[in-house]
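Enquirer: Return atomic coordinates for the entry below.
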Amino acid sequence: MENTEKVNYHESKFINQNGIQQTIMIPVVQDLAELKALPENVIQNPAATHPFPPNTSFEPIDMAKIRSRWDSSGQAREIRKLGRVCEDWGMFINENHGLDPRLLHDVAKVVRRFFELPFEEKKSSVGTYTSAENMGYGRNFVKSEDQPLDWIDRLAMKAAPEGASDGLRVWPTNPPNFRSVIEKYVKATRKLMNELLQSLAKAISLDKQSFLQYFNPNTSEINVRVNYYPPCPRPDLALGITPHTDANALTLLMQFESSNGLQVFKDDNWLKVPWPCNTLLVNLGDLMEIMSNGRLKSPWHRVMTQSKMGQFSMALFYNPPAQVEIGPVKGEEAMEEYKKVVVKEYLKHFYKVSPPASKEAIMYAKVNLLNLRGKSKK
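Expert: Predicted coordinates for the structure are as follows:
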């Protein structure tokens, strides 16, 4: 039987291989959720998922212990644990972070209210990806007509530096308190992310300012991306987000409604991450891999869909200022395995190769160690 439900479309523009701008219409996934069969352009046949292995090093990190002024030995143990988890997985669950539960509730509420609006109301409330680079409501990272599409609708805003989104209609006006709630959350989490940068440095035996030195309270960038994955009639055929790494330094994620989507690639298998609903998860990005000289790797991860429940998540992407040059902070390693990169130039490169087939973007920052070793012998 032919599907008769109305499907709305986002307009997406991209530069094709001939350097010519193309415009294509991308279906709104919330509308596709009502269909009984998937359109061909969202079928990706993802690789099989494996259960998370028991007795692993993937342990939650307790910020209360890291902040403790009275238990130095407990603090040291927790920081060592942070190092182990990040070296093994590149991500961790953050417990006892100190954020106000009422604020987290308000964030979930305004996000849900926005996506509950009819499509035309969402469009009239906020600009689209065609009006600002990767900001607003719609679909991003579409680069060709035959590219398989993720099962996702997105809303993205620039939250820092102050004034970054002036003149851009990227903050929803409905619900009316959307921007004030999200900006309050960003302000609270910036302090947490700075603490995490210091703790990560200490966890791999570096000075605690080693990573934070690249950040600036006035000019560092924080981008906000809200993701909605509607129920999918065939979750075995679609992907919420294609496998990728994050380009930035730190990603702070919260999720609500459901907790079964995030997966990480490790030991040649896709593993379902045991991330409880309404908790925070921290993911390390490519810039952190560069700054740590490869000690802390950005994980290859993806998001799966579900048949009966929708999933919401919100990611804060934390970066040094765009014009800052970052480089590896060496510990006891004999050689630098990554070269210095300007943040803006690395991000430009990353999105040029996105969506990648593997961790190819980070190769841009890798030092050719074979050549270096050859020169050192001469």
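
Enquirer: got the contact list for the nearest residue in space to Pro276 that is not next to it in sequence?
Expert: Distances taken as C-beta to C-beta, 6 or more residues apart in numbering put Ser259 closest to Pro276, at 5.8 Å, once the chain neighbours are dropped. Yep, even glycine has a C-beta here, placed from its N, CA and C like the rest. Counting by C-beta atoms under 8 Å, 6 or more residues apart in numbering, Ser259 touches Trp275, Pro276, Cys277.

Enquirer: Model confidence for Ser259, exactly?
Expert: At Ser259, the pLDDT value in this model is 70.

Enquirer: next one: phi and psi at the closest residue to Ile362 other than its chain neighbours?
Expert: Take Ile362 and drop its neighbours on the chain: the residue closest to it by C-beta to C-beta, 6+ apart is Asp286, 5.1 Å away. Per-residue torsions, Asp286: phi -60, psi -40 (degrees, to the nearest 10).

Enquirer: From Asn319, how far out is Asp286?
Expert: 11 Å (C-beta to C-beta, to the nearest Å).

Enquirer: same question, Val42
Expert: Distance from Val42 to Asn319, by C-beta to C-beta: 30 Å.

Enquirer: neighbour count winner among these two?
Expert: Between Val42 and Asn319, counted using other C-beta atoms under 10 Å, Asn319 has the larger neighbour count: 24 against 20.

Enquirer: how about that one, what does it touch?
Expert: Contacts of Asn319 by C-beta under 8 Å, 6+ apart are Ser220, Glu221, Ile222, Asn223, Asn248, Ala249, Leu287, Val343, Leu347.

Enquirer: Looking at these, spot the one nearest Val367.
Expert: Leu287 (16.0 Å; C-beta to C-beta).

Enquirer: Got phi/psi on Ala156?
Expert: Per degrees, to the nearest 10, the backbone of Ala156 is at phi -130, psi 140.

Enquirer: Do a quick rundown of the helices in the stretch 251-378 of the chain.
Expert: 286-291, 343-353, 369-377 (DSSP state H, counting those that start in this stretch).

Enquirer: Narrow the contacts of Ser259 to just the buried residues.
Expert: Listed as buried from these are Trp275; burial here means 16 or more other C-beta atoms under 10 Å.

Enquirer: can you redo the contacts of Ser259 as JSON lines with distance to Pro233 and pLDDT?
Expert: Below are the contacts of Ser259 laid out as JSON lines (distance: C-beta to C-beta, whole Å; pLDDT from 0 to 100):
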{"residue": "Trp275", "distance to Pro233": "24", "pLDDT": "89"}
{"residue": "Pro276", "distance to Pro233": "27", "pLDDT": "86"}
{"residue": "Cys277", "distance to Pro233": "23", "pLDDT": "80"}
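
Enquirer: ok, the nearest residue to Leu262 once chain neighbours are set aside to Asn96 distance?
Expert: Nearest non-adjacent residue to Leu262, counting by C-beta to C-beta, 6+ apart: Val273, 4.5 Å away. Distance from Val273 to Asn96, counting by C-beta to C-beta: 20 Å.
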